[in-house]
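Colleague: Take a look and give me a structure for this.
(one chain, ligands or ions: 2)
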Amino acid sequence: MVSLKGRNFLTLKDFTPEEIQYLIDFSAYLKDKKKKGIPVDEFKNKNIALIFEKTSTRTRCSFEVAAHDLGMGSTYLDPSGSQIGKKESIADTARVLGRMYDGIEYRGFGQEIVEELAKYAGVPVWNGLTNEYHPTQMIADLLTIWEYKGKLKGLKLVYMGDARYNMGNSLMIACSKMGIDFVACTNKKYFPNQELVNQCKEYAKASGSVITLTENVEEGTKDADVIYTDVWVSMGEPDSVWEERIKDLTPYQVNKKAMDNAKPDAIFMHCLPAFHDLNTKIGAEINKKFGITEMEVTNQVFESKASVVFDEAENRMHSIKAVMAATLGMEMK
Ligand code: CP
Ligand code: NVA
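Modeller: Ligands and ions are numbered 1, 2, ... in the order given. Below is the predicted model of the structure:
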């Protein structure tokens with residue numbers, strides 16, 4: 001019997017495949033209840049704090065809606081609205097918030113910050129994205145893959161783009177733990193770091209999956225079940241890297257050719273937000289500067305039937321609800 005009561009949720013490295021599967025199943029269970037209009041609100045006297053040192057649409061809204069559905073109150077601390085790091089250390093903040101709240105979400109920079117928060121808070125801490133990892137996104141993604149493919153084991157997921165950052169790292173961990181073959185298909189400057197690759201190869205050995213790093217798009221995308229990408233420049237990175245990223249990563253754009261090389265029923269995934277047209281401020285600026293109209297994914301693929309990005313976005317809410325419910329002590333019935 002899996003119990004995650006009192007646990008932090010900082011990276012999937014800390015969770016067994018059985019625990020990860022439990023969170024996927026719990027997410028599906030809560031999604032079903034929500035769709036049927038059956039309330040699951042057993043945390044009526046609890047409150048959570050949401051610390052965002054970087055901006056967000058999906059993660060913030062997911063935590064707020066999920067907390068409300070579970071009967072909890074929530075407080076949002078925006079990137080400028082708290083003392084954190086400027087006037088008050090992480091350890092002190094953790095000890096203050098831990099006295100008032102039953103759980104704390106943190107989105108920000110280094111993983112060591114969320115770890116420090118967890119060390120001192122005395123209540124569960126949930127990582128809402130750091131430079132290194134994005135674990136709540138993983139439960140939503142695995143749930144989405146499960147919904148479309150009916151299984152995880154034996155599938156092939158290809159990640160194209162900056163595979164050294166939070167999304168590439170997290171997908172490699174999630175796939176290797178759950179028996180999904182993982183391919184980082186990108187310029188070798190953007191391969192995940194070797195230490196993490198070695199660690200994931202150990203997970204892969206146990207789950208029976210394979211990790212491949214390749215610069216060859218044809219080989220990388222061949223017979224893929226899932227093609228995944230993310231923005232080429234992440235939050236917190238300087239604008240000065242755009243030119244180099246565009247040059248290095250354009251060959252790894254998810255376009256029709258890449259999708260056609262995958263399995264006929266392959267799905268396209270993206271954690272979002274995505275640059276697939278000119279309807280964003282940054283998209284328009286990049287267009288003016290570099291003349292391109294799309295970046296990590298073409299509009300054609302983004303809008304195609306293979307694209308499951310909005311199911312994925314919805315699943316953020318159900319899976320974040322499951323992570324909170326499980327770590328706050330609810331058991332799936
Ligand atoms: N995918 C994701 O984390 O989205 P937000 O940045 O909008 O939270
Ligand atoms: N790699 C992206 C993910 C956004 C959800 C970033 O960190 O900005």
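Colleague: measure the residue lying closest to residue 180 once chain neighbours are set aside to residue 267 for me?
Modeller: Sequence neighbours aside, residue 155 is the residue nearest to residue 180 in space, at 4.8 Å (criterion: CB to CB, 6 or more residues apart in numbering). C-beta here means a position set from N, CA and C on the backbone, and glycine is covered the same way. The gap separating residue 155 from residue 267 is 10 Å, by CB to CB, to the nearest Å.
Colleague: what does residue 278 give?
Modeller: Using CB to CB, residue 278 is found at 25 Å from residue 267.
Colleague: Looking at the two, which one has more neighbours?
Modeller: Remark: of residue 278 and residue 267, residue 267 carries more neighbours, 26 against 16, as counted by other CB atoms under 10 Å.
Colleague: Find the nearest non-adjacent residue to residue 147, please.
Modeller: Spatial nearest neighbour of residue 147, chain neighbours left out: residue 311 (7.0 Å); criterion: CB to CB, 6+ apart.
Colleague: Apologies, that question was intended for residue 160.
Modeller: What sits nearest to residue 160 in space, not counting adjacent residues and going by CB to CB, 6+ apart, is residue 252, at 4.3 Å.
Colleague: got the contact list for that neighbour?
Modeller: 160, 161, 185, 186, 187, 217, 229 (CB atoms under 8 Å, 6 or more residues apart in numbering).
Colleague: Now do it, the pLDDT please.
Modeller: The score at residue 252 is 98. That number is its pLDDT.
Colleague: again with the one 4 residues further on
Modeller: In the prediction, the pLDDT value recorded for residue 256 is 98.
Colleague: Name the residues contacting each of residue 155 and residue 267.
Modeller: Each of 145, 149, 225, 226 lies in contact with both residue 155 and residue 267 under the rule CB under 8 Å, 6+ apart.
Colleague: Assign residue 7 to helix, strand or coil.
Modeller: When classified by DSSP: H, G, I helix; E, B strand; the rest coil, residue 7 comes out as coil.
Colleague: Residue 132 belongs to a strand?
Modeller: No: going by three-state DSSP, the assignment for residue 132 is coil, not a strand.
Colleague: Please verify my assumption that it contacts residue 112.
Modeller: No: taking contacts as CB atoms under 8 Å, residue 132 lies outside contact range of residue 112: 9.1 Å.
Colleague: Helix or strand next in line after whichever strand or helix holds residue 147, which one?
Modeller: With secondary structure defined by DSSP states H and E, residue 147 is part of helix 135-149. Later in the chain than helix 135-149, the nearest helix or strand by DSSP H and E is strand 156-160.
Colleague: next helix or strand past that following strand?
Modeller: Per DSSP H and E, the first helix or strand lying C-terminal to strand 156-160 is helix 166-178.
Colleague: does that next one come close to ligand 2?
Modeller: Yes: contact of helix 166-178 with ligand 2 (CB under 6 Å from any ligand atom) involves 166, 167.
Colleague: Which residue ranges of the stretch 201-333 of the chain form strands?
Modeller: 211-214, 226-229, 267-270 (DSSP state E, counting those that start in this stretch).
Colleague: between those strands, which gets nearest to residue 170?
Modeller: For the strands of the stretch 201-333 of the chain, the distance to residue 170 is smallest for strand 226-229, at 10.7 Å, taking CB to CB.
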